[in-house]
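In: got a predicted structure here, sequence first:
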Amino acid sequence: MKNRLLWKLLLNIVPVIGVTILVVWLAIDNLAAVYFMRLMENYEIAPHDSHQMFIEAVHRYLLWAALAALALALLLSYLMTKRVLRPLTQMTRISRELAAGHFSSRVEVVTRDEVGQLGDAFNRMADGLERLEQLRKNMVTDVAHELRTPLTNLRGYLEGLSDAVVPPSQKTFRMLESEILRLVHLVDDLQQLTKAESAKAFLKRRDLSVSTLVEQLLSLFELRLQTKEIRVQVAIDPPDLSVHADLDKLLQALRNLLENALRYTPQGGAVTIRGGQLANGVELSVSNSGEGIAAGDLPFIFERFFRADRSRSREHGGAGIGLSIVRELVEAHGGQVGAESSDGLTRIWLRFPSLK
């Protein structure tokens, strides 16, 4: 492609130079020569020999000038065209590498013209593909890791039961049931995450009372909150605060937040649910007391399967997908999520735009 396009661009110059030289040639023959003969006649000089010498000299110099102009034009055009085509050649080569699964190469952008802008767009596309591929690999690795532990436990106990090494006691069956439920919860979380990622296309927005949502939410968790003796404080300002959102999606996000807070709040701890009006939207937040999250872990808590070493360990249960679901659901509404943690208090907030 490169050579064909290069020679096409170069050959376009030849007719332009040829036509220019032809026009100059004819102009000299028909105009300059006539003026020259009249000049000779005015000075009473025999014009025939001088005229012939003049025509031959002009033609000779014109021919040399045409050849020099053609050579210079071809050289400059070749260098410029080759420079312009270099990013296109790189894009062709890199696109083949991307198709083969290699995402490390990028186009070298040396200009800011249209070709340079195309190179920038191509590099951004390659960056996006590389991130998606890395996320895919991470997710496969994380899912395999999450499945390995319960499956290994199940296999060990079942082999022990089969070989009569482990007695078929009620405790053993409860252990097997616990591992199976862990697998079921992981599958359910993955299904919820998939639905959350496509939530934007299925939103049924309407004005929802935040106070009513919080009351429904607390009624679902009432027994568990009482069991852990967790104090709950609700602060909605103004009291009639409303948010324009999908009821089911918003309830799911808030459930995941409260579930997360309940899981990591110690016995006798406290949970605070707040709602407030912002200049350009509504903010809802769930705070809980406890060990907190390290500053280095905060930017990653909304990533799939991420859990901080201490407060997000497997001993607390869950697969580290709940906050990822929250982020997908909130971003589907055009909102944002964030987290803060300091002095034994962790706060996760959701912000929804006010535009309907």
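Out: Nice, I can see it. Numbers count the residues shown, from 1 in each chain.
In: ok, Leu257 - how many residues close by?
Out: 25 (other C-beta atoms under 10 Å). Placement of C-beta: from N, CA and C, glycine included.
In: Lys82 versus the residue nearest to it when sequence neighbours are not counted, what's the distance?
Out: Once flanking residues are discounted, Leu257 sits nearest to Val286: 4.3 Å by C-beta to C-beta, 6 or more residues apart in numbering. Val286 is 60 Å from Lys82, where distance means C-beta to C-beta, to the nearest Å.
In: which stretches of the protein form helices?
Out: With DSSP state H as the criterion, the chain has helices at 2-11, 13-27, 33-42, 47-99, 114-162, 170-197, 210-227, 247-264, 322-332.
In: what mean pLDDT does the first one have?
Out: Put plainly, it is helix 2-11. Mean pLDDT, helix 2-11: 56.
In: how many neighbours does the closest residue to Ser242 other than its chain neighbours have?
Out: In space, and not counting its chain neighbours, Ser242 is closest to Asp207: 4.8 Å by C-beta to C-beta, 6+ apart. Applying other C-beta under 10 Å, we find 9 residues neighbouring Asp207.
In: tell me how far stretch 100-116 lies from the chain's centre.
Out: With C-alpha atoms, centre = their mean, to the nearest Å as the basis, stretch 100-116 stands 17 Å off its chain's centre.
In: again but with stretch 321-329, I slipped
Out: 17 Å.
In: in contact with the closest residue to Arg86 other than its chain neighbours, which residues are there?
Out: Once flanking residues are discounted, Arg86 sits nearest to Glu108: 7.7 Å by C-beta to C-beta, 6+ apart. By C-beta atoms under 8 Å, 6 or more residues apart in numbering, the residues touching Glu108 are Arg86, Pro87, Gln90, Gly119.
In: and the gap between Glu108 and Ala99?
Out: Glu108 is 20 Å from Ala99, where distance means C-beta to C-beta.
In: quick one, strands of the stretch 251-356 of the chain?
Out: Under the criterion DSSP state E, counting those that start in this stretch, strands of the stretch 251-356 of the chain are mapped to 270-278, 281-289, 336-342, 345-353.
In: test my guess that Phe122 contacts Val107.
Out: Yes: counting by C-beta atoms under 8 Å, Val107 is a contact partner of Phe122 at 5.2 Å.
In: how many residues are close by Ala253?
Out: 28.
In: can you check Ala126 too?
Out: Ala126, neighbours per other C-beta under 10 Å, totals 20.
In: cool, and Asn260?
Out: Using other C-beta under 10 Å: Asn260 sits among 21 other residues.
In: same check on Trp349?
Out: Trp349 - counted by other C-beta under 10 Å - has 18 other residues nearby.
In: who's it bridged to?
Out: Following DSSP bridges, Trp349 is listed with bridge partners Ser285, Gly338.
In: separation between it and Leu223?
Out: Distance from Trp349 to Leu223, by C-beta to C-beta: 26 Å.
In: and Ile293, by the same measure?
Out: 27 Å.
In: and these two? which has more neighbours close in?
Out: Between Ile293 and Leu223, counted using other C-beta under 10 Å, the more crowded position is Ile293 (21 against 8).
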